[in-house]
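Novice: here are the coordinates; sequence isn't available:
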């Protein structure tokens, strides 16, 4: 198991977990990288691996953002965009600006309706631009109030399951932006990284699991596989799932 691959997976899973590195057990479940792959080989403690990946503190030591801080940042983004931001827009802002919280951190407020209401409540106690308040009121009017789970219409967020190639091996993973993920990975790998194909889906994690299971006999470690031409063609035949 390559050290740089483990580090890249620590960074990826931490990013997808709101910037918080995973514990040993969950990391193994998410990546199939076993404790024996790194302990005593590259690091003695998991905290050492996390530190080398660029996270100075273990997950339990990282303080959560205060609600007011998150809402202040969201108000700023509303002013910047001129409308209430979608989840992908929040995600992109976090990628472009390190001072903007990860989009996952906003999940504490609940669904879109609850997040809009949280901004409106925040505006009653803070000096918020009137235009922002009006944008939120219009967004709230367009968003149906929460009904029973069987009738509630949820906002669907799409992502991609991608197939990339580096050297003779292929990586199958998921991301909201396959090209962005390629850019993140290529600086960590010694060989050229090529995006072969991506599948659009509303269940990125589930569809990624489907392909991992389908090619489980060809897994070389983590999300890397030794695939045949026929395997690659099977993946490329799918545009959506």
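Specialist: Sure, I can see it. For clarity, every value in this text was computed on a predicted model and none was experimentally measured. Residues are numbered from 1 along each chain as shown.
Novice: hey, where'd the helices end up in the chain?
Specialist: Counting by DSSP state H, one finds helices in the chain at the ranges 3-16, 24-31, 46-52, 67-81, 87-96, 112-125, 130-142, 178-186, 204-214, 229-236.
Novice: State the number of residues packed around residue 173.
Specialist: The burial metric for residue 173, expressed as a neighbour count using other CB atoms under 10 Å, is 22. (Each C-beta comes from the backbone N, C-alpha and C, glycine too.)
Novice: Ignoring the adjacent residues along the chain, who's closest to it?
Specialist: Spatial nearest neighbour of residue 173, chain neighbours left out: residue 223 (5.0 Å); criterion: CB to CB, 6 or more residues apart in numbering.
Novice: Would you mind giving the helices of the chain as JSON lines with distance to residue 38 and mean neighbour count added?
Specialist: Putting the helices of the chain into JSON lines (distance: least, CB to CB, whole Å; neighbours: other CB atoms under 10 Å) gives the following:
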{"stretch": "helix 3-16", "distance to residue 38": "6", "mean neighbour count": "19"}
{"stretch": "helix 24-31", "distance to residue 38": "9", "mean neighbour count": "16"}
{"stretch": "helix 46-52", "distance to residue 38": "6", "mean neighbour count": "17"}
{"stretch": "helix 67-81", "distance to residue 38": "34", "mean neighbour count": "17"}
{"stretch": "helix 87-96", "distance to residue 38": "27", "mean neighbour count": "17"}
{"stretch": "helix 112-125", "distance to residue 38": "38", "mean neighbour count": "17"}
{"stretch": "helix 130-142", "distance to residue 38": "46", "mean neighbour count": "15"}
{"stretch": "helix 178-186", "distance to residue 38": "19", "mean neighbour count": "17"}
{"stretch": "helix 204-214", "distance to residue 38": "20", "mean neighbour count": "16"}
{"stretch": "helix 229-236", "distance to residue 38": "28", "mean neighbour count": "13"}
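Novice: weakest of those helices in terms of mean pLDDT?
Specialist: For the helices of the chain, the weakest mean pLDDT is recorded on helix 178-186, namely a mean of 68.
Novice: ok so, going back, out of the helices of the chain, which is closest to residue 171?
Specialist: helix 178-186 (7.6 Å; CB to CB).
Novice: export the helices of the chain to a markdown table and tack on distance to residue 40?
Specialist: Formatted as a markdown table, the entries for the helices of the chain read as follows, by distance: least, CB to CB, whole Å:
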| stretch | distance to residue 40 |
| --- | --- |
| helix 3-16 | 13 |
| helix 24-31 | 14 |
| helix 46-52 | 11 |
| helix 67-81 | 40 |
| helix 87-96 | 35 |
| helix 112-125 | 45 |
| helix 130-142 | 53 |
| helix 178-186 | 26 |
| helix 204-214 | 27 |
| helix 229-236 | 34 |
